[in-house]
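Student: Build me a structure from this.
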Amino acid sequence: MTMKLLEAGLSTTVQDLGRVGYQQYGVVVSGVMDETAAKIANVLIGNMEYDAVLELTLIGPTLLFQQNALISICGADLSATIDGKPAPMWKPVYVKEGSILRFGRPQLGCRTYLAAAGGFDLPIVMGSRSTYVRGGIGGFHGRPLDKGDVLKLNGIKSSHTRVLEQFLCKRMNSASFCTTTWTVSYQMKPNYQKDPVIRFIKGPHFEHFTEATKKRILNDAYQVTSNSDRMGYRLSGSPLELSKNLELLSEAVTMGTIQVPKDGQPIILMADRQTIGGYPKIGYVASVDFPVLAQVLPGNQLTFQEISILDAQKLLLQREKLFSKCKIGLIQAFRRMNDGSD
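Tutor: Okay, the predicted model is just below:
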């Protein structure tokens, strides 16, 4: 099965959960920016949660389905339509051969994820299909997708996927697509916001900043600048100042690290971050807020709220428990389909 790009969109790349285990060699992790949306998109159609998806940014591509296909769309609402009719989000969608999927104006957020049953048939590079554009590795020839590209889907599908396809295929009529009556719980969907509050844990150099700076980061809003991308969000606002100069050795950095360069304007490192950094680290964004952070557009504002490591861990565990319940609920739904009911 294949799908062809009639239009490329602004930045459409193949991503999965990242190239883990190679930072020691200077290899960037990459992977999806909004892990929650990508994982849900996969499990909705019977894929493994770590299967590759398409990450669409702001302006999505136009896709022609050259065979029938089972897909799901999760994440930001980019006004998706199939042959001119609104395409369901956060649900499995069975699309008829010859149909065209388009994306329009972003309603909330900037990144959405398109999963296809069986996943995308692309080479695995260092344990991942993720695209790292700056390094030219992974994904579709190491680059964003372009007009005319044809994506092949993997023909090996799970038993749950086959049940879902058979169920929806039987209910397909003259329409371009059909879907289920059910969707994922609202509790599983990230609470995307235009100007979110982002929780952070104090970093190792927090105490080296001035008292005014410690108050500033908790009270002031910071705007995401246009010079922001998958590598990092550059923020603009009241400068964060050290109480004295620090001589630091470069060390490993993670997604969500809040670095403060000499100009005092913080940078939040994201999926395509470098492997090491030498700027002072005032904090780390709590992992539970990564999905919300991933959907912030340039021009939006962030405010920070301190959280303890213990509370951040509790919130992350709660989200993982919800995801486990979601997967159990989907298995039950697939079983009901196998018995002939939705």
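Student: what ranges do the strands span in the stretch 151-300 of the chain?
Tutor: 177-179, 197-202, 221-224, 232-236, 251-252, 257-259, 267-269, 276-277, 281-285 (DSSP state E, counting those that start in this stretch).
Student: Would you mind pulling the contact partners of the second one?
Tutor: Residues lying outside strand 197-202 but in contact with it, judged by Cβ atoms under 8 Å, 6 or more residues apart in numbering, are 256, 258, 282-286, 288-289, 292-293, 302-309, 312. C-beta here means a position set from N, CA and C on the backbone, and glycine is covered the same way.
Student: Go ahead and build a ChimeraX selection from the buried members of these.
Tutor: Filtering the contacts of strand 197-202 down to the buried ones (16 or more other Cβ atoms under 10 Å) takes a single ChimeraX command:
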select :256,258,282,283,284,285,286,288,289,292,293,302,304,307,312
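Student: could you show me where the helices are in the protein, in order?
Tutor: Assigned by DSSP state H, the helices in the chain fall at 35-44, 159-171, 211-219, 290-294, 309-338.
Student: Output the below-cut-off pLDDT ranges for this protein.
Tutor: Scanning the chain with the threshold set as pLDDT under 70 gives 341-342.
Student: Show me it divided up by domain.
Tutor: Listed by automatic domain parsing, the domain ranges of the chain are 2-190+325-338, 197-307.
Student: which stretch among those domains comes nearest R319?
Tutor: For those, distance to R319 was read as Cβ to Cβ. The smallest value, 5.7 Å, belongs to domain 197-307.
Student: Quick check: end-to-end length of that closest one?
Tutor: Taking Cα to Cα, to the nearest Å, domain 197-307 runs 12 Å from one end to the other.
Student: and it, how far out from the chain's middle?
Tutor: 20 Å (Cα atoms, centre = their mean, to the nearest Å).
Student: now stretch 157-173
Tutor: 26 Å.
Student: So what touches it?
Tutor: By Cβ under 8 Å, 6+ apart, stretch 157-173 touches 45-48, 68, 70, 92, 94, 96, 117-118, 178-180, 330-331, 334, 337-338, 342.
Student: TSV for the strands of the stretch 151-300 of the chain, including distance to K321?
Tutor: Shown next, in TSV, are the strands of the stretch 151-300 of the chain (distance: least, Cβ to Cβ, whole Å):
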stretch	distance to K321
strand 177-179	27
strand 197-202	19
strand 221-224	31
strand 232-236	29
strand 251-252	29
strand 257-259	26
strand 267-269	27
strand 276-277	33
strand 281-285	21
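Student: Nearest to K39, out of those strands?
Tutor: Taking Cβ to Cβ, strand 281-285 is the member of these nearest to K39, at 18.6 Å.
Student: what is the orientation angle of that closest one with helix 211-219?
Tutor: Per axes from the mean of the first three to the mean of the last three Cα atoms, to 10 degrees, the angle that strand 281-285 makes with helix 211-219 is 20 degrees.
Student: Report all helices and strands that strand 281-285 contacts.
Tutor: Secondary-structure packing of strand 281-285 (3 or more Cβ pairs under 8 Å, 6 or more residues apart in numbering; DSSP states H and E): strand 197-202, helix 211-219, strand 257-259.
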